[in-house]
Every structure is written in structure tokens, then in C-alpha cells.
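Peer 1: Show me how the following folds:
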Amino acid sequence: MSAVAEGRFHSVDVSSISPYAPGGVGGAPDGPGRATLSTSDGVRIEALYEPCTAGACDTAIVVAHGFTGSVDRPAVRRAAGVFAKRAAVVSFSFRGHGRSGGHSTVGDREVLDLAAAVAWARSLGHRRVVTVGFSMGGSVVLRHAALYGAASGAHEGLTGACAAHAVGKVRDAHADAVAAVSAPARWYYRGTAPMRRLHWVVTRPLGRLVGRYGFGTRIHHEDWDPVPLSPVEAVPLIAPTPLLVVHGDRDPYFPLDHPRMLADAGPCELWLEPGMGHAENAADDELLGRLADWLVRA
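Peer 2: Numbers count the residues shown, from 1 in each chain. So this is what the prediction gives:
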């Protein structure tokens, strides 16, 4: 997949095209509304804001979906509905997905999409903005937290240019708490049949056609160069931001060595969910409620 070097990420520039008038908490809208966000590399991202149904809330949860998902997929809408009972919710479609522009880089430049969504949530007046990601989105929230976290500039694992960039983005694009659900620990994993099929979709011309017309996902044709920071490398750079790792013991994509590797890499809380499969499709309402409660309290 195509990549920019970690140290060359541009500043986050969020332009919101919104059909609603400001209101509610700190300028946030009183009801649901869609917007188009512009990422720092010029990709237009569709996003949806939903206020907390329990009343005024200073926390916004930003939802990062999995590969081939989108803001309007039923599993994403169900998760947003559960989260909205505890906090305001921003959901969006990653580049190459749904009505967003660009092409998917399967977790690399998607960090810029998440940064734009987080900055938008803050621009609406929410004091706390937290992130939750599923599968590919889980890897993105981990890398985003490492690159944009309050302490990123102090970590030796980041280059000087990247550290300066991260510190410069603390006010707008950092997350106050992070939850990664069904996330991989390392890149290029092919140890399960679903992941071998996914690699065929991503790396082969015919597979990318299947992705585009079968799954509605436009995939970039270039390999990563350079290879981005992996999820497990990102974890030790996230502290002191609270981190939760959630994984099902029946996940057909990533076995349990992935969440355990993430948990061993740095300070975090680990939930291994009995009987759960993969990502947002497998997360029931009870688990989603616990996730939202953790994010609001963390």
C-alpha cells in the first residue's frame, strides 16, 4: 500500500460542509448531521455527527470502522446507536470506502482520516474526544494515538520530524482514550484463511476489482513504501493515554496471540471476550455498551 513517511504527515485541515446550524453543546448541532471533511492530504471524507441521546455530554466517541465498512453499514450504525446513549458520536467512512474519496491504503494514510474526524469533533465543542476502532480501524486508532498523543514527542521510537508533528497536533487531533477491537498486532499476517483471502483482494489486480465492485472498496495499487509503524510498535508510544484492547476468542481473522502481543507491548487493559468473532459485526450491544462506558470514564 502507498504511504507517506511518518515524519512527512501534513497538518490536519478540517473543512466542514454541514447542513445544520450550530447549537447544543459548545456549538455542536442539536440533531444528527452529515459533513464532508478534508484531510491534510486533500481527501474528502464523509462523516456523520450524532448527539448524545441522554442529554448534554462533553465526550464524543469517534468510530473507526473495519476494512470494506462505511459510515452507513448496519453494524456501524448499530454501534453508533449504542454509543450515542452515553456520548456524542462521530462516525465516518475511511478513504476508498462509502462516499469518501481516494483509495484505501489498508491502515496507512487512514490515520489522516481519523485525525480529521477527531479534529472535527473538537471543533464542535466537545472537551473529551475518544476513539474506538474495529479490525483495520483498530490498527488505525493505535497508530493515531501514537502519532498524535500528548507524549509522542518524548518517545525515542519516533523520528524528530514525526515527534514535532505529533506535538503540534495535540490541541486538535489527539484522542483522550483509545479502544482497539479485533485489531492485528503486526502487518502481513497470513496465518488464517480469511487473511489469505484479504491479501489476495488487496495485492492482486483481479482482487482489487472484486474489492471495488463486490465490496464497494477502492484499494490503492501501490505497495507500502515505507512500511508504516505497526500496531504493536505503536502501543508503547500511546501512554499515558488510556488504552483498551478487546478481542474475541473465536476471531477467524486474528488469533489470540495478536491481542496478547498488543497487551504485552505497553500499558493497557485487555478484554478477551468468550464466543466473540471479528470486529463490529460480532460485537453485541452488551459489549458495545461496556466499551462506551469505559471510553466515557477513562
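Peer 1: So the residue positioned nearest the centre of the chain versus Trp200, what's the distance?
Peer 2: Per CA atoms, centre = their mean, the C-alpha nearest to the average position across the chain is that of Ala64, at 3.5 Å. Distance from Ala64 to Trp200, counting by CB to CB, to the nearest Å: 24 Å. Heads up, the C-betas are built off the backbone N, CA and C, glycines and all.
Peer 1: ok, now Thr131?
Peer 2: Look at Thr131 and Trp200: by CB to CB, they are 30 Å apart.
Peer 1: more neighbours, the two?
Peer 2: The residue with more neighbours, out of Thr131 and Trp200, is Thr131; 30 against 15, by other CB atoms under 10 Å.
Peer 1: is that one in a bridge, and if so with what?
Peer 2: On the basis of DSSP bridges, Thr131 is bridged to Val62, Val178.
Peer 1: which parts of stretch 117-133 are buried?
Peer 2: Neighbour-count burial for stretch 117-133 flags 117-122, 124, 126, 128-133 (criterion: 16 or more other CB atoms under 10 Å).
Peer 1: same thing with stretch 279-287?
Peer 2: Under the neighbour-count criterion of 16+ other CB under 10 Å, stretch 279-287 has 279-283, 287 buried.
Peer 1: Equivalent analysis for stretch 70-84, please.
Peer 2: Going by neighbour count (16+ other CB under 10 Å), the buried part of stretch 70-84 is 70-71, 73, 75-80, 82-84.
Peer 1: from the residues you listed, which ones fall inside helices?
Peer 2: The helices, defined by DSSP state H, take in 75-80, 82-83 from the buried residues of stretch 70-84.
Peer 1: ok so, going back, which of the buried residues of stretch 117-133 lies closest to Thr59?
Peer 2: Of all these, Arg128 has the smallest distance to Thr59: 4.3 Å, by CB to CB.
Peer 1: Now do the contacts for that closest one.
Peer 2: Contacts for Arg128 (CB atoms under 8 Å, 6 or more residues apart in numbering) come out as 58-60, 176-177.
Peer 1: What distance do you get for it to Met195?
Peer 2: Between Arg128 and Met195 the distance is 34 Å, computed by CB to CB.
Peer 1: for Thr241, same thing?
Peer 2: Applying CB to CB to Thr241 and Met195 gives a distance of 28 Å.
Peer 1: More neighbours: these two, which one.
Peer 2: The residue with more neighbours, out of Thr241 and Met195, is Thr241; 23 against 16, by other CB under 10 Å.
Peer 1: Next one: the more buried one, what pLDDT does it get?
Peer 2: pLDDT recorded at Thr241 is 96.
Peer 1: The stretch 101-250 of the chain: strands as residue ranges?
Peer 2: Listed in chain order, the strands of the stretch 101-250 of the chain (DSSP state E, counting those that start in this stretch) span 128-134, 178-181, 243-248.
Peer 1: Tabulate the ones you listed (CSV), appending distance to Arg212.
Peer 2: Converted to CSV, the strands of the stretch 101-250 of the chain look like this (distance: least, CB to CB, whole Å):
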stretch, distance to Arg212
strand 128-134, 21
strand 178-181, 26
strand 243-248, 29
